[in-house]
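> Turn this into a structure:
(chains A and B)
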Protein chains: 2
Amino acid sequence: MTSFKKYCITGKFKLSSIDPAATPFLKGDEEAQRQELETLAVRLDDLQNKLHAEGRRKLLLVLQGLDTSGKDGTIRWVFSRTSPLGVRVKAFKVPSEDERAHDFLWRCHAVVPSAGELAIWNRSHYEDVLVPVVEGLIDKAGARRRYAQINDFERLLTETGTVVIKCMLHISKEEQRKRLQARIDEPDKRWKFQMDDLAVRKKWADYEEAYEKALSATSTDYAPWHVVPADSKSHRNLMVAHLIVKTLENMKLTLPAASPAVSHLVVQ
Amino acid sequence: MTSFKKYCITGKFKLSSIDPAATPFLKGDEEAQRQELETLAVRLDDLQNKLHAEGRRKLLLVLQGLDTSGKDGTIRWVFSRTSPLGVRVKAFKVPSEDERAHDFLWRCHAVVPSAGELAIWNRSHYEDVLVPVVEGLIDKAGARRRYAQINDFERLLTETGTVVIKCMLHISKEEQRKRLQARIDEPDKRWKFQMDDLAVRKKWADYEEAYEKALSATSTDYAPWHVVPADSKSHRNLMVAHLIVKTLENMKLTLPAASPAVSHLVVQ
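So this is what the prediction gives:
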């Protein structure tokens, strides 16, 4: 398998150093890619069952990316063979009044995975160091404080049995243009379009910079960031699927042993 | 399609009047049944997308049934084509100390589906009129009070845009014996087995009676109960899938119209 190393952030990095159109994890024709994703999805289902059966550790997948980068699609296709029982998706929206009245990690901590659970965050606590930075709501010192708070929070999670996978879905500005235009042009997709998407798009360069800074500051040994080239949807799905499967395999999950007394029981 | 009428509870009923081994919704050979479930699962995915797009109404599926009746399996197979983004599963366990310190509907109300959501409850508020009745923790008057509180609660939900589907997965005592024995005999399933399952099994007749009473008292026009013959897993899945698809189709979901201004936008 292709190595993840190039796409795993260590220290300072430039988003421009990673081509959003790259497809290092794509092999063969479309049918072969479809088959490979299906195989990974089935494997992931099996591993999730083991995670649940073991009932001890937790997995948290954090998905970040600009509008149309494919967060929803990734969840749909990578987890296409996992029972809805086995994964819990949390989509973080603009904070509510109640959420704003608390520290920015409060609403996240409330929904971390529990023992045996696999949780997916569609957007996350990272929105709270991306949006405020771009909008000028916090200064550099404020941003640095939040990066440190995030690192502390993620250290707590990993030290208490949670494996954290963080992926930034990386698309080009041109690819976003096409996808937004498709939402407008295709009647079945139009309900997804929001005028606000265009306002955010205008701040493309600011968001790229905010992502660079946040990812550089929060890609740690215990919770590293991966940048996923995502102009190709097939590539995005395959790379994320490979990453999760590899991570779960590294956890060496095993079914809990039953007591010897149980194995000879006869049900009346 | 077969009619649901016989399996929809109205007034007093006897669980023994419904054969758990019946298969009214099964047609053709195994391959045909597999195909039919696949078609329904794809249709359900499409309808769930519309429910989400409409963003106005909600769907709540309540699944009840004794141990091994197939609640997990139903969720896995009926929703095998739905994105994990689209469904939210809540498994109700033995109430925690904090939950017991509140009224029994408190923890349920907290997780009802919001606008556009499809929520599945794996066990539910009904556990709180089944277990206490069987264990003698509440008397007849106490049980009647809870039935009425449940009906009031479900009226609130339906009057505020939630469609409630309630299914009791109905298996025979002999089928449960086989399934529990399989959990013991098959090493890969053994972790699912709990000694407590056998203790509950000894109260089979008490639970049947508690179910009869609870279902009779809470099968309302606005939130009726369906008893699903569930000795056959294929039948159980097909019947529940048909019921949900029919319910969503009856909701006449439509994609929200975009403003004319949007349809001519060109993204820069």
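> mind listing what A:Ala119 touches?
Contact partners of A:Ala119, counting by Cβ atoms under 8 Å, 6 or more residues apart in numbering or on different chains, are A:Lys58, A:Leu59, A:Leu60, A:Leu61, A:Val87, A:Arg88, A:Val89, A:Lys90, A:Val111, A:Val112, A:Pro113. All C-beta spots, glycine's among them, are computed from the backbone N, C-alpha and C.
> Now render those residues as a markdown table, adding secondary structure and distance to A:Arg146.
Listed next are the contacts of A:Ala119 as a markdown table, based on DSSP: H, G, I helix; E, B strand; the rest coil; distance: Cβ to Cβ, whole Å:
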| residue | secondary structure | distance to A:Arg146 |
| --- | --- | --- |
| A:Lys58 | strand | 23 |
| A:Leu59 | strand | 24 |
| A:Leu60 | strand | 19 |
| A:Leu61 | strand | 21 |
| A:Val87 | strand | 28 |
| A:Arg88 | strand | 25 |
| A:Val89 | strand | 24 |
| A:Lys90 | strand | 20 |
| A:Val111 | coil | 19 |
| A:Val112 | coil | 18 |
| A:Pro113 | coil | 22 |
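> which of the residues you listed tops the neighbour count?
A:Leu61 (26 neighbours; other Cβ atoms under 10 Å in any protein chain shown).
> So that one is in contact with A:Glu117, correct?
No: with contact defined as Cβ atoms under 8 Å, A:Leu61 does not count as touching A:Glu117 (11.3 Å).
> ok so, going back, of the contacts of A:Ala119, which are in range of chain B?
A:Val87, A:Arg88, A:Val89 (Cβ under 8 Å from any Cβ of the partner chain).
> May I have the secondary structure class of the nearest residue to the second one once chain neighbours are set aside?
Counting by Cβ to Cβ, 6 or more residues apart in numbering or on different chains, A:Arg88 lies nearest to A:Ala119, which is 4.9 Å off, once chain neighbours are set aside. Remark: A:Ala119 carries the secondary structure label strand [criterion: DSSP: H, G, I helix; E, B strand; the rest coil].
> Mind listing the residues bridging to A:Ala119?
A:Leu60, A:Arg88 (DSSP bridges).
> So which bits of chain A are right by chain B?
So far as Cβ under 8 Å from any Cβ goes, chain A lies against chain B at A:53, A:72, A:75-76, A:79-85, A:87-89, A:91, A:120, A:122, A:177, A:180-181, A:184, A:187-188, A:190-193, A:195, A:198, A:201, A:255-256, A:258, A:262-263, A:265-268.
> and the spatially most central residue of chain A, what does it touch?
Per Cα atoms, centre = their mean, the C-alpha nearest to the average position across chain A is that of A:Leu63, at 2.3 Å. A:Leu63 is in contact with A:Lys71, A:Thr74, A:Ile75, A:Ile120, A:Trp121, A:Asn122, A:Arg123, A:Ser124, A:Cys167, A:Leu169, counting by Cβ under 8 Å, 6+ apart.
> what helix or strand is it on?
According to DSSP states H and E, A:Leu63 maps onto strand A:58-65.
> how far is the helix or strand that that strand is followed by from where the chain is centred?
Downstream of strand A:58-65, the first helix or strand assigned by DSSP H and E is helix A:71-78. Counting by Cα atoms, centre = their mean, to the nearest Å, helix A:71-78 is centred 10 Å from the centre of its parent chain.
> other SSEs contacting helix A:71-78?
Using 3 or more Cβ pairs under 8 Å, 6 or more residues apart in numbering or on different chains; DSSP states H and E, the elements in contact with helix A:71-78 are helix A:30-54, strand A:58-65, strand A:118-122, strand A:162-170, helix A:233-250.
> Report the angle between the second one and strand A:118-122.
Orientation check (axes from the mean of the first three to the mean of the last three Cα atoms, to 10 degrees): strand A:58-65 against strand A:118-122 gives 20 degrees.
> Average pLDDT for strand A:58-65, rounded please.
For strand A:58-65, mean pLDDT is 98.
> how deep is A:Asn237 tucked in, by neighbour count?
27.
> need the strands for the stretch 151-268 of chain A, in chain order.
Taking DSSP state E, counting those that start in this stretch as the test, the strands found in the stretch 151-268 of chain A are A:162-170, A:225-229.
> Distance from stretch A:69-82 to the middle of the chain?
The answer for stretch A:69-82 is 10 Å, by Cα atoms, centre = their mean.
> Show the end-to-end separation of that stretch, please.
In stretch A:69-82, first residue to last residue: 22 Å (Cα to Cα, to the nearest Å).
> which other residues reach it?
Stretch A:69-82 is contacted by residues A:37-38, A:40-42, A:44-45, A:48, A:63-65, A:87, A:89, A:118, A:120, A:122-123, A:167, A:169-171, A:176, A:230, A:233, A:236-237, A:240-241, A:244, B:80-81, B:83-85 when judged by Cβ under 8 Å, 6+ apart.
> give me that answer again for 6 Å
A:41-42, A:45, A:48, A:63, A:65, A:87, A:120, A:122, A:169, A:171, A:230, A:236-237, A:240-241, B:83-85 (Cβ atoms under 6 Å, 6 or more residues apart in numbering or on different chains).
> Show me which of those are buried.
Among the contacts of stretch A:69-82, those classed as buried by 16 or more other Cβ atoms under 10 Å in any protein chain shown are A:41, A:45, A:48, A:63, A:65, A:87, A:120, A:122, A:169, A:171, A:230, A:236-237, A:240-241, B:83-85.
> about what we covered before: quick one: which of the strands of the stretch 151-268 of chain A is nearest B:Glu208?
With Cβ to Cβ as the criterion, B:Glu208 lies closest to strand A:162-170 of the strands of the stretch 151-268 of chain A, at 41.9 Å.
> what about stretch A:233-248, average pLDDT?
Stretch A:233-248 comes out with an average pLDDT of 98.
> residues near A:Ala205, how many?
The number of residues packed near A:Ala205 is 10, by other Cβ under 10 Å.
> Okay, buried residues for stretch A:130-138 please.
Under 16+ other Cβ under 10 Å, the buried positions of stretch A:130-138 are A:Leu130, A:Val131, A:Pro132, A:Val133, A:Val134, A:Ile138.
> of all these, which comes closest to chain B?
Using Cβ to the nearest Cβ, A:Val134 is the member of these that lies nearest chain B, at 18.7 Å.
> dump the residue contacts of that closest one.
Listed by Cβ under 6 Å, 6+ apart, the contact set of A:Val134 reads A:Lys203, A:Asp206, A:Tyr207, A:Ala210.
> What does the pLDDT read for it?
So A:Val134 comes in at 97 (pLDDT).
> Which residue lies closest in space to it, excluding its sequence neighbours?
Of all residues not flanking A:Val134 in the chain, A:Asp206 sits nearest, at 4.6 Å (Cβ to Cβ, 6+ apart).
> what about that neighbour, how many neighbours?
Other residues lying near A:Asp206 total 15 when counted by other Cβ under 10 Å.
> Which residues belonging to stretch A:95-103 are considered buried?
Judged by neighbour count (16+ other Cβ under 10 Å), stretch A:95-103 contains these buried residues: A:Pro95, A:Glu99.
> Could you tell me the end-to-end distance of it?
End-to-end distance for stretch A:95-103: 11 Å, by Cα to Cα.
> ok, now stretch A:117-126?
Chord length of stretch A:117-126, first to last residue, is 21 Å (Cα to Cα).
> That one - what's its average pLDDT?
In this model, stretch A:117-126 has an average pLDDT of 98.
> do you know how far A:Lys27 is from A:Leu37?
Relative to A:Leu37, A:Lys27 is positioned 12 Å away (criterion: Cβ to Cβ, to the nearest Å).
> Thanks a lot, see you next time.
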